[in-house]
Every structure is written in structure tokens, then in C-alpha cells.
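Student: Predicted model and sequence follow; I will ask about them next.
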Amino acid sequence: MSTISEEARALHADAIVIDGCSFFSQGWHERLAIAGVTALQMTVPWPGDDFRRAVRRYQHYYRLVNEDARLGLVTSTEDIRQFKREGRVGFILGSQDADILETDPGLVEVYHRLGVRVIQISYNERNLLADGCLEPTNAGLSRFGKAVIREMNRVGIQVDLSHVGERSSLEAMDISTKPCIFSHSNPKARADNPRNITDEQIRRCAETGGVIGLSPWPPICWTGGPNPPSLDDLIGHIEYVVDLVGIDHVAIGTDSEATPGAYPKELRTSLGATYGPVTGRFQETHPGVRHTAGFESMEGFPNLTAALLERGWRPEDVRKLLGENLLRVYRESWGA
């Protein structure tokens, strides 16, 4: 969007804004100020990391917050509210895979004590807990997976089901006693991609009290037409979920870098080798397109706020989408 109204600027500046999925921060960057974010749920370990590697990557974020007073570590929802009052940005430590637990559900509590507050139970492929969304067999949770979810509920770590296979995600929501989230997924009914989720998954997530974090990442935001994805497509995904389960069950997960250019080349290459079912058709149709127009990175948050107000959204509903819904779910899952 070329212009943002004063009403939209004021609302966005006053709102708690949470990016439900980000990664690779090298410290403070102007991008955070432009986005107006209050907190970011950070993917920290890489796929396949064991306990030792994961802890070393979490140490990086301890160093960032120790060296820069503009940044902080979130371990409770009160931290998020406090950082908003102080004009700081909080890191919520997360993981997009449960390989970091190795074979020991007892490590769930260890990670909680280290400050981790969100764990996604699988990442595309099968692990010891669950099938990922690219597994053709669509198997359910293992006994180990069920034990881990119960332990996450007990200690206060948010269960994240993006990238998880459909059956595994439904079984996880059946046994979880706390709200579950899909931190960065879109409705498959609008964007037919194996990374996206069915109406059944969306409804079941809402029944747990959880939220779906809609994402502008182009391969899963694209609806399959001749044009690449735009902010209007993202809003279409948001409004589809709102119509299906209500305004209390939507959030945003940008799936984007907190520091531009920080994504390691070797990781991009290794993941790209297995990501064909997710990205292939989009890349063939729109070669070279890396961003969703109007929401090219988390800097697009203010554009989203302005566009929703122009479409007649109530300010209180915009606030729910931007952060209040995730704040509620985190409070219920973390217990603080």
C-alpha cells in the first residue's frame, strides 16, 4: 500500500503485535521498528539438531538480549505486555522440530527452564513423535509423541502443529489439554498445498481454544491463479478462517527473517532439496517471485492493519488478529 491512514498508524502503534513465526535474528534491526512488532516467536534450532546443538543456538539469543536493552526474552505473557510498555521487542524461543528432544520426554522440562515456550512436534517428515505433512502414509502420533504432548501441557510449552501431518495433528489436538496452534499455515480450501491445513484441522484447532497463524509466505499464500500472491490473498485466507471459526482464532505468522539476509545459505539449500511438493508448482508458475506483494516481510504488518480497517474491520478485531489472540492462547498454554 502506498499510504497508511493516521487511524491505522495510531492503532498499529498502540496494538500488541506478535509475529507467530520468525527466524534468524542477528540483533536489533530497523525492520522490527517498521513492523511495529512487540514479540516474535523465533525458530531457533535447525532441523535435525540434537540437544547440544539446540542449546548452542539458544545461547545466541541470550547473548542478543544481554547486549541490547531494546531486546528481551519472553517467558510469560506479562513479559510481552511489559515490553510493549517499554518499547522493546521480545523473543519467544521456539523450535520447528522435536528432534531436539532426542528420545527423552524429560527434556521438555529442561527446555522450559531454558526459556523455550513453543515446540512444533514435527517438520514435514516423520520423526519419533509424529508424521510430517509431506509423509504419504499420514500416520498418527507415536506413544512417545503422546508422552511429549502431555509433558508440554504439564510444564507450559505451546504445542505447535504447522508442518505436522493431518492425522498426527488431529490426534495431538484430541489429547492436548491446552490450546494448540498452527503458527504459520493457510486454509487448504483456498490454497491447495501440502503445507496448508484442512477445514477439519481448522475447526478442531478452534475447539481447543487455539489459533491459526495465517502466513504471507508465497508458496502457501498463492491460490493457484495466474498472478503471484498479494496482500489481498492473505486477507482472503484470514477472512476465510474468520468465517469458519470466528475472529478469536486467527493470528499472523510471517515465516520471515527478523534480520534481512540472515538465512544461512547451506540451510536454504538443504531444505530446498526436499521441499519440491511445497514450492515446486509455485516456482514453475512464478519463477523468481520471493515475496507476497504488499506483505514482503514482517515490515508489511502496518499495511495489513490499514487494509483491514479500509475493508471495515472493527479496530478491536484487528487487535485480536495482530496479537491479542496469540497472547490469550500463550497465557492458557504457558500458565503465565
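Tutor: Ah, there it is. Residues are numbered from 1 along each chain as shown.
Student: alpha carbons only for contacts and neighbour counts from here, please
Tutor: Noted.
Student: distance between the longest helix along the chain and the chain's centre?
Tutor: The single longest helix within the chain, with elements called by DSSP state H, is helix 51-67. Mean-position distance between helix 51-67 and its chain equals 20 Å (CA atoms, centre = their mean, to the nearest Å).
Student: just stretch 274-294 next, same as before
Tutor: 19 Å.
Student: can you check stretch 29-42 too?
Tutor: 14 Å.
Student: just stretch 216-226 next, same as before
Tutor: Stretch 216-226 has its C-alpha centroid displaced from the chain centroid by 17 Å (CA atoms, centre = their mean).
Student: returning to what we had before: what is the longest helix of the chain packed up against?
Tutor: strand 71-73 (3 or more CA pairs under 8 Å, 6 or more residues apart in numbering; DSSP states H and E).
Student: tell me which residues of stretch 113-129 are tucked away?
Tutor: The neighbour-count check on stretch 113-129 (16 or more other CA atoms under 10 Å) flags 115-129 as buried.
Student: Kindly indicate which of those residues lies nearest residue 53.
Tutor: Residue 53 lies nearest to residue 116 out of the buried residues of stretch 113-129, by CA to CA, at 14.5 Å.
Student: Could you report the neighbour count for the residue nearest to residue 20 when sequence neighbours are not counted?
Tutor: Among residues not flanking residue 20 along the chain, residue 253 sits closest, at 4.2 Å (CA to CA, 6 or more residues apart in numbering). Counted with other CA atoms under 10 Å, residues neighbouring residue 253 total 26.
Student: Likewise for residue 68?
Tutor: 12.
Student: So it versus residue 150, what's the distance?
Tutor: Distance, residue 68 to residue 150, by CA to CA, to the nearest Å: 36 Å.
Student: now residue 28
Tutor: From residue 28 to residue 150 the distance is 36 Å (CA to CA).
Student: try residue 96
Tutor: 18 Å.
Student: more neighbours, the two?
Tutor: Taking neighbours as other CA under 10 Å, residue 96 and residue 150 compare with residue 96 leading, 26 against 19.
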